[in-house]
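# I would like the atomic coordinates for the input below:
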Amino acid sequence: MYKTILVTIDLTHKPSWELALPEAVALAKASGGVLHVLSVVPNVRSPLVAGYLPAGFETHALKDANAQLGKIVEDNVDASVETHAHLAHGVVHEEVLKAIATVKADLVVMASHSPDRVREFLVGSQADRVVRRSPVSVLVVRK
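Below you'll find the model as predicted:
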């Protein structure tokens, strides 16, 4: 079945780990696979926006995100599953695609919002971007 499962979670959106993480854990248990839990802290792309943030903002955000990721994994993943937590910083879908290659994932599990035409037109969906570009199967979990 699956040897290496990558599950992505959004630390700012609780349903992402309430939906995707249990599915990924169940698949890892069933297949005896290794679970990699990835969260991406988006980078501040605009120099104008970055100018309004306090000095050291990204460093502080990454430190907090790493602690939060560790707590989520500890609270929600069965100790019998070999699990590795990863925190990335950058453009979300690009970091997910890099992680697929790095951990040699053969399945990606992601949560996604229900389709909303206006939101998709304006900002798109990270899950959609990953699904279209992923070299491996992607399981999109919805509520």
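
# which helices and strands does the helix or strand containing A88 pack with?
Here A88, judged by DSSP states H and E, is contained in strand 83-90. Here strand 83-90 touches strand 34-42, helix 57-76, helix 92-103, going by 3 or more C-beta pairs under 8 Å, 6 or more residues apart in numbering; DSSP states H and E. The C-beta positions use only the backbone N, C-alpha and C, and glycine is treated the same way.

# Now with 10 Å, please.
strand 4-8, helix 14-31, strand 34-42, helix 57-76, helix 92-103 (3 or more C-beta pairs under 10 Å, 6 or more residues apart in numbering; DSSP states H and E).

# Pull out the buried residues from it.
Using 16 or more other C-beta atoms under 10 Å as the test for burial, strand 83-90 gives 83, 85-88.

# Run the angle between it and strand 4-8 for me.
If you take axes from the mean of the first three to the mean of the last three C-alpha atoms, to 10 degrees, strand 83-90 sits at 50 degrees to strand 4-8.

# Only C-alpha atoms, please: export strand 83-90 in PDB.
This file holds the C-alpha atoms of strand 83-90, laid out as PDB (Å, rounded to 0.1, in the frame of the first residue of the first chain):
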ATOM      1  CA  THR A  83       5.900  10.100  12.500                       C
ATOM      2  CA  HIS A  84       8.000  13.000  11.500                       C
ATOM      3  CA  ALA A  85       6.900  16.700  11.800                       C
ATOM      4  CA  HIS A  86       8.200  19.200   9.200                       C
ATOM      5  CA  LEU A  87       7.800  22.900   9.200                       C
ATOM      6  CA  ALA A  88       8.400  24.900   6.000                       C
ATOM      7  CA  HIS A  89       8.400  28.500   5.200                       C
ATOM      8  CA  GLY A  90       7.400  29.900   1.800                       C
END
